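Engineer: Here is my input, please return the structure:
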Amino acid sequence: MVQIEKGNHSRKISELKIVLTLIILKLRGPIGRYRLKEMLSLSEREGIVRLMLSDLKQEGFLRTGKIGCALTPKGEGYLKKILEKYGVIDIREMNLEPLRIGPENFVIQIRGHHINQSITELRDVAVRAGASGIVLIVYEKGILQIPPIYSDLEREYPKLATDFHETLILHDGDTIIACFSRDKWQALEGGLSVAIVLAKP
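Structural biologist: As a prediction, this is how the structure comes out:
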């Protein structure tokens, strides 16, 4: 895959941007290169976006046309494989207004990984990736809770809890990363960065 920068940090950054690119194309494609570089927060680095798209096209993960780039079935399969590696079950835009976060929100549902880091550390990971912050919600014994205080989401925010139950297929032990920012794609990038960290052994 594309090497965005030199050094050890580059592989993670590159993979994060590639995953974000594939998700954006899946959710919003087809998209032109100029719009895509804004969504990726790479407006000043057009060469990197061009190289990344060229590489993805060469791999057969996307196709280009007059109205922009779109994900191919092979690209969707590749994205699914990457998300499975991180334990990501679902990614959705949701209205999280009751939590007083936002204005742009995504939720990332992950399975098979537990929270071994402090909430502060994970929030810092998300902020470094461009999000304003995150709220982590765990589903245990049929109850949605917010660590570290483990307040009962269903008691404090019943409408929101109902939305989660109706929107997501929840299994015991699942974690929901509610990520937010003024820019929705930066919110998603921050949430994905947390999912990557949680997937590490």
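
Engineer: what about the strands in the protein?
Structural biologist: For the chain, the strands defined by DSSP state E cover 62-65, 68-71, 88-92, 104-110, 133-140, 143-146, 151-152, 175-181.

Engineer: Comparing the ones you listed, which stretch has the densest surroundings?
Structural biologist: The highest mean neighbour count among the strands of the chain, using mean count of other C-beta atoms under 10 Å, belongs to strand 175-181: a mean of 26. All C-beta spots, glycine's among them, are computed from the backbone N, C-alpha and C.

Engineer: What lies in contact with it?
Structural biologist: Contact with strand 175-181 is made by 94, 96, 99, 101-111, 113-115, 126, 130-139, 144, 164, 168, 187-188, 190-191, 194-195, 198, as judged by C-beta atoms under 8 Å, 6 or more residues apart in numbering.

Engineer: between the lengthiest helix in the chain and strand 104-110, what angle do the directions make?
Structural biologist: Ranked by residue count and defined by DSSP state H, the top helix of the chain is helix 10-28. Angle, helix 10-28 to strand 104-110, by axes from the mean of the first three to the mean of the last three C-alpha atoms, to 10 degrees: 110 degrees.

Engineer: Save the strands of the chain as TSV, and put in distance to V19 and mean pLDDT too.
Structural biologist: Below are the strands of the chain laid out as TSV (distance: least, C-beta to C-beta, whole Å; pLDDT from 0 to 100):
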stretch	distance to V19	mean pLDDT
strand 62-65	13	90
strand 68-71	12	93
strand 88-92	9	96
strand 104-110	11	95
strand 133-140	17	93
strand 143-146	26	90
strand 151-152	31	78
strand 175-181	14	95
